[in-house]
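Q: Whatever this is, show me its structure:
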Amino acid sequence: MMVNELAGDKALWINVAMNSRSRPNYNGLNAFAWNTLLVDKGLTVFDWNKVAQPEWFSTDGFHYNTTGNKWRSAWIAYAAAYYLG
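A: Numbering: from 1, shown residues only. Reported below is the predicted structural model:
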């Protein structure tokens, strides 16, 4: 498993955000369980799902529009500097 390869290293995982009901496996308890596993393995999880805004998604509810891509990049850079500094 990928997380086992990172044991002891600083790593930042960016969780998934969606604005679509068509893919429930990325939402709710499944996402929470995955994030908990990563934290238990020593990774830091940045909760992008909490930050992402509905207007940042394209019409499919999964991919980001231009504004969403810009904000996602900025937030990931911020999170990496803050958590991994």
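Q: Which parts of the chain are helices?
A: Taking DSSP state H to define them, one finds helices in the chain at 2-5, 28-40, 48-51, 66-79.
Q: what are the phi and psi values for Gly42?
A: Main-chain torsions, Gly42, degrees, to the nearest 10: phi 100, psi 0.
Q: on that earlier part again, closest to Ser58 out of the helices of the chain?
A: With respect to Ser58, and counting by Cβ to Cβ, the nearest of the helices of the chain is helix 66-79 at 7.7 Å. Where C-beta positions appear, they are placed from N, C-alpha and C, glycine not excepted.
Q: what sits against the residue nearest to Ala79 when sequence neighbours are not counted?
A: Spatial nearest neighbour of Ala79, chain neighbours left out: Phe46 (4.0 Å); criterion: Cβ to Cβ, 6 or more residues apart in numbering. By Cβ atoms under 8 Å, 6 or more residues apart in numbering, the residues touching Phe46 are Leu12, Trp13, Ile14, Asn15, Trp75, Ile76, Ala79, Tyr83.
Q: Count the residues that sit near the last one.
A: Translated: Tyr83. Neighbour count for Tyr83, taken as other Cβ atoms under 10 Å: 13.
Q: what does the first one give?
A: Leu12: 15 surrounding residues under other Cβ under 10 Å.
Q: Could you do the fifth one as well?
A: Using other Cβ under 10 Å, Trp75 is surrounded by 15 other residues.
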